[in-house]
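Q: Show me the folded form of this:
(chains A, B, C and D)
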Number of protein chains: 2
Amino acid sequence: MSDPLSAVLVALADPTRRDLMAALVDAGSATATTLAGRLPVTRQAVDKHLRVLADAGLVAGSRAGREVRWTARPDVLDESARALAQLAARWDRRLHALKREAEE
Amino acid sequence: MSDPLSAVLVALADPTRRDLMAALVDAGSATATTLAGRLPVTRQAVDKHLRVLADAGLVAGSRAGREVRWTARPDVLDESARALAQLAARWDRRLHALKREAEE
DNA sequence: CCGACGTGCAACCCTGGGGTTGCACGTCGT
DNA sequence: ACGACGTGCAACCCCAGGGTTGCACGTCGG
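A: Down below sits the predicted model:
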């Protein structure tokens, strides 16, 4: 699971995590406690999700005194989109090649 | 989870399902039994995964006598890539807007 | 017609992980 | 200095779902 795309896919597969990302992007920057106020889950649950998202690189947190401010990272999502498109292209080429091969 | 992108994300989040897709694309077209031979799982497990992938639209199966031939659908993956890129763009716009707003 | 083969379905096991509660620690404001 | 607040950690509950076995049904070939 070390490859970046897989990490992003796993991270975004969870609906709560998608909601979290949406809330975070909407706020621009927020703490785990604040975000927990916007979602129907506990602060600890939000924290766990943020760590998963951070592992995927979709989010980053920096300490500011007693609180941790989290921000979204759209770049990583963009890279993932590119990787997905590339994968789709590979599949497409492969399938077309097979089709051509079958027609002779 | 009815939205297409979420379905694809969930479908591709599982490593076995990614391997399955790879095997299927490589073969071009195959039955559940054949695919099970390439993976370290049972035919029934492969079948379950194929149904999930089919729900996401990444794969389609058609009956041919007593067997079912499955084929990959790169188009859907391509659409998902686009949707992801679009999402990334939305986030990016939102974050830039917030940043600009903060700097005045 | 009968065996071999591919499939579909159902019950079941078991781990992962989403979610919670509870508490200890560090930091801020007054 | 002291309370309020945000965080980190650990234990725990619970269930979705990945995987299995077992069997019944339909289809093909000889």
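Q: can you tell if stretch A:70-77 touches DNA strand D?
A: No: using Cβ under 7 Å from any atom of the strand, stretch A:70-77 stays clear of DNA strand D, coming no nearer than 7.7 Å. Yep, even glycine has a C-beta here, placed from its N, CA and C like the rest.
Q: That stretch: which residues count as buried?
A: A:70, A:71, A:72, A:73, A:74, A:76, A:77 (16 or more other Cβ atoms under 10 Å in any protein chain shown).
Q: Then stretch A:46-53?
A: Neighbour-count burial for stretch A:46-53 [16+ other Cβ under 10 Å]: A:46, A:47, A:49, A:50, A:52, A:53.
Q: can you narrow the residues you listed to ones near DNA strand C?
A: A:49, A:52.
Q: ok, the buried residues of stretch A:70-77 vs residue A:33, which is closest?
A: Residue A:33 lies nearest to residue A:70 out of those, by Cβ to Cβ, at 10.8 Å.
Q: would you say the closest one is within a strand?
A: Yes: per DSSP: H, G, I helix; E, B strand; the rest coil, residue A:70 lies within a strand segment.
Q: Find me whatever residue is spatially closest to it, sequence neighbours aside.
A: Nearest-residue entry for residue A:70: residue A:61, 4.4 Å, with adjacent residues in sequence omitted and distances by Cβ to Cβ, 6 or more residues apart in numbering or on different chains.
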